[in-house]
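Colleague: Sequence and computational prediction follow.
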Amino acid sequence: MTSVQIDDDAVIWSASAADREGRPLLVLLHGFNSNEGDLFGLSPYLPLEPVIASLRAPLPAGPGFAWFPLLAQGAEMAIEGADAAVDAILAWLDRAAPDVSSVGLLGFSQGGAISLELLRRAPERFAYVVNLAGFVLPGERQGDGDERLAELRPPVFWGRGTADPVIPEASIERTRSWLPVRSTLDERIYEGLGHSVSERELADVAAFVRAQVAA
């Protein structure tokens with residue numbers, strides 16, 4: 001797949017450049033067929049200390065955008081697309097936040113999958129991951145990212161609902177077996193929640209992020 005790039009002009013920041021200095025960064029990664037404004041709506045529910053940057057995925061998808069082609073279109077195509085998106089996000093971090101004290105990731109659905117792909121590629125670069133209604137992509141990755149994750153066991157919050165009709169059971173089962181051996185996992189399951197985020201889950205996420213920033 002050809003290379004892609006994050007649109008710097010589309011990034012929504014929670015603070016001006018002058019107010020970002022010395023603060024940790026929390027990067028928001030939206031889901032399939034969505035945009036950078038979607039998850040930014042969660043900002044009032046999140047701790048104030050991290051600067052928030054909400055990115056727009058690079059691929060057009062209906063009225064919104066996507067990080068990679070759907071798994072239903074083929075696993076190889078999805079993984080190649082995700083790899084290109086990871087390249088783009090890491091390049092954006094290099095130019096937009098080269099000296100930030102720490103970086104956390106919060107992704108929803110496909111954005112949750114990308115957050116884990118970033119962790120697999122650069123496990124020492126990210127302090128924690130919040131994966132909401134997301135999953136891990138199949139297969140091994142080149143390099144020693146997965147092995148390094150098993151050594152580092154970074155904090156990962158994985159929240160999902162029992163009534164989610166979007167994420168296939170196979171993806172849930174793959175993630176359920178993959179995360180516990182490669183992260184310090186905080187898994188939360190919300191009864192009756194569909195493919196969305198509830199107020200109760202947001203409170204749990206805020207507590208998790210607050211604990212990671214404090215650490």
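Modeller: Thanks, I have the structure now. Numbers count the residues shown, from 1 in each chain.

Colleague: what packs against the helix or strand Glu76 falls within?
Modeller: Mapping Glu76 onto the secondary structure by DSSP states H and E places it in helix 75-96. Counting contacts by 3 or more Cβ pairs under 8 Å, 6 or more residues apart in numbering; DSSP states H and E, helix 75-96 packs against strand 25-29, strand 51-55, helix 110-121. All C-beta spots, glycine's among them, are computed from the backbone N, C-alpha and C.

Colleague: tilt between the longest one and helix 75-96?
Modeller: The directions of helix 110-121 and helix 75-96 differ by 80 degrees, with axes from the mean of the first three to the mean of the last three Cα atoms, to 10 degrees as the criterion.

Colleague: Need the residues that contact helix 110-121.
Modeller: Taking contacts as Cβ atoms under 8 Å, 6 or more residues apart in numbering, the residues outside helix 110-121 that touch it are 28-32, 39, 57, 66-68, 82-83, 85-86, 89-90, 105-107, 125-126, 129-137, 141, 143, 145-146, 149, 154, 156, 183.

Colleague: 7 Å instead?
Modeller: Residues outside helix 110-121 that contact it (Cβ atoms under 7 Å, 6 or more residues apart in numbering): 29-32, 66-67, 82, 85-86, 89, 105, 107, 126, 129, 131-137, 141, 145-146, 149, 154.

Colleague: Mark which of those residues are buried, thanks.
Modeller: When the contacts of helix 110-121 are checked for burial by 16 or more other Cβ atoms under 10 Å, the buried set is 29-32, 66-67, 82, 85-86, 89, 105, 107, 126, 129, 131-137, 145, 149, 154.

Colleague: Sitting in strands, which of the residues you listed do you find?
Modeller: The strands in this structure, assigned by DSSP state E, contain Leu29, Ala66, Leu105, Gly107, Val129, Asn131, Leu132 from these.

Colleague: Give me the helix or strand of the protein that scores worst on average pLDDT.
Modeller: Scoring the helices and strands of the chain by mean pLDDT, DSSP states H and E places helix 145-152 at the bottom, with a mean of 86.

Colleague: With just CA atoms, put the helix or strand following it into CSV.
Modeller: In the C-terminal direction, the helix or strand that comes right after helix 145-152 (DSSP H and E) is strand 155-161. Only the C-alpha atoms of strand 155-161 are listed here, as CSV (Å, rounded to 0.1, in the frame of the first residue of the first chain):
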residue,chain,number,x,y,z
PRO,A,155,-0.8,-0.5,30.9
VAL,A,156,-3.8,-1.1,28.6
PHE,A,157,-7.4,-0.4,29.3
TRP,A,158,-9.8,-2.5,27.1
GLY,A,159,-13.4,-1.6,27.4
ARG,A,160,-16.2,-3.3,25.5
GLY,A,161,-20.0,-3.9,25.7
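
Colleague: how about the residue in the chain sticking out farthest from the centre, secondary structure?
Modeller: In the chain, counting by Cα atoms, centre = their mean, Ala18 sits farthest out from the average C-alpha position, at 25.5 Å. When states are read from DSSP: H, G, I helix; E, B strand; the rest coil, the local structure at Ala18 comes out as helix.
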